[in-house]
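**Q** Sequence and predicted model, in that order:
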Amino acid sequence: MRTYPILKDDGSLRGFEIRAQLTVFPLLRLLRSVDGVSDVRHNWSNADRISFTFHGRPAVVHEPWGDSSRYWIGLQHPDSAPDIDITPIHEAFKHYRGFLVTILWPLG
């Protein structure tokens, strides 16, 4: 999947965006597959479509303006956790090829 990284001033990953082509359930499944991600839940009534915890810190899949063409994914307060590297989440999304592709042509 194509991702759009958002970097901090020091060059580390602040968050990233993806095109909003996935429905909520594949997003939930993908997040649950990442080491360090826990407490993944779908939020029905706000712009943070999915809330989860990454290494003890709150994180979100945020849909700006409620009907955007992209989702923003990262820590809920990225500046308050400079020691947390969200690269594993970003890598999972970069390597995601879809449910059927993963089943029929696994990468590893």
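**A** Noted; the coordinates are in hand. This one's a predicted model, so the numbers in the text were calculated from it and none came from an experiment.
**Q** dump the residue contacts of the most centrally placed residue in the chain.
**A** Nearest to the geometric centre of the chain sits Ile73, at 4.1 Å (C-alpha atoms, centre = their mean). For Ile73, the contact set (C-beta atoms under 8 Å, 6 or more residues apart in numbering) comprises 15-18, 59-62, 89-90, 93. Using the backbone N, CA and C atoms, a C-beta is placed for each residue, glycine as well.
**Q** Let me know the pLDDT of it.
**A** Looking at Ile73, its pLDDT stands at 96.
**Q** where do the strands sit along this structure?
**A** Here the chain has its strands, by DSSP state E, at 3-7, 13-19, 37-42, 48-54, 57-62, 70-75.
**Q** Any chance of a markdown table for those, columns distance to Pro82?
**A** Listed next are the strands of the chain as a markdown table, based on distance: least, C-beta to C-beta, whole Å:
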| stretch | distance to Pro82 |
| --- | --- |
| strand 3-7 | 13 |
| strand 13-19 | 10 |
| strand 37-42 | 19 |
| strand 48-54 | 14 |
| strand 57-62 | 11 |
| strand 70-75 | 10 |
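**Q** between those strands, which gets nearest to Gly98?
**A** Gly98 lies closest to strand 13-19 among the strands of the chain, at 12.8 Å (C-beta to C-beta).
**Q** Can you list the buried residues in that closest one?
**A** 13-18 (16 or more other C-beta atoms under 10 Å).
**Q** tally of neighbours for Pro78?
**A** Counted with other C-beta atoms under 10 Å, residues neighbouring Pro78 total 18.
**Q** That one contacts Gly15, doesn't it?
**A** Yes: with contact defined as C-beta atoms under 8 Å, Pro78 reaches Gly15; the gap is 6.1 Å.
**Q** what residue ranges in the chain score low on pLDDT?
**A** 66-67, 99-108 (pLDDT under 70).
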